[in-house]
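Chemist: Coordinates for the following, if possible.
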Amino acid sequence: MLGYRETAIARDINTPSARQVIEPLYNRSVGRWRRYEEDMSEVLPMLNEWAGRFGYLD
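Modeler: Residues are numbered from 1 along each chain as shown. Have a look, this model is predicted:
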C-alpha cells in the first residue's frame, strides 16, 4: 500500500480516472466535516466510536 503510486504507474490502467490513481495523497479536505458538526451532533458519538476503532482519532 505504501508504494501504491509506483504500482499504479507500472500497470496499464485504462480508465477515465487513471491519472487520479497516481496522484499523491492530499489533505485539502481535512476538517471540512466541521461545517456540518452541528447538524451531525446526534450521530457524532457513534461515528467517533468507529473512528477510534479504526485509529482515526488522536
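Chemist: Need the contact partners of stretch 50-58.
Modeler: Applying CB atoms under 8 Å, 6 or more residues apart in numbering, the external contacts of stretch 50-58 come out as residue 48. For glycine as for every other residue, the C-beta is placed from the backbone atoms N, C-alpha and C.
Chemist: next one: stretch 23-34
Modeler: By CB under 8 Å, 6+ apart, stretch 23-34 touches 5, 40.
Chemist: Ends of that stretch, what's the gap?
Modeler: End-to-end distance of stretch 23-34 (CA to CA, to the nearest Å): 26 Å.
Chemist: Please shift the residue numbers so they start at 103 in all later answers.
Modeler: Yep, numbering from 103; the last one is stretch 125-136 now.
Chemist: Centre of the chain to it, how far?
Modeler: 7 Å (CA atoms, centre = their mean, to the nearest Å).
Chemist: tell me the mean pLDDT for it?
Modeler: Mean pLDDT, computed over stretch 125-136, is 85.
Chemist: Same check on stretch 106-117?
Modeler: Stretch 106-117 comes out at a mean pLDDT of 81.
Chemist: Just the C-alpha atoms of that stretch, please, in CSV.
Modeler: Taking C-alpha atoms only, stretch 106-117 is exported to CSV below (Å, rounded to 0.1, in the frame of the first residue of the first chain):
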residue,chain,number,x,y,z
TYR,A,106,0.6,2.5,-4.5
ARG,A,107,1.8,5.1,-6.9
GLU,A,108,4.7,3.1,-8.3
THR,A,109,2.4,0.0,-8.6
ALA,A,110,-0.2,2.0,-10.5
ILE,A,111,2.4,3.6,-12.8
ALA,A,112,3.7,0.1,-13.7
ARG,A,113,0.3,-1.2,-14.6
ASP,A,114,-1.7,-0.4,-17.7
ILE,A,115,-4.7,1.4,-16.2
ASN,A,116,-7.3,2.3,-18.9
THR,A,117,-10.0,4.2,-17.0
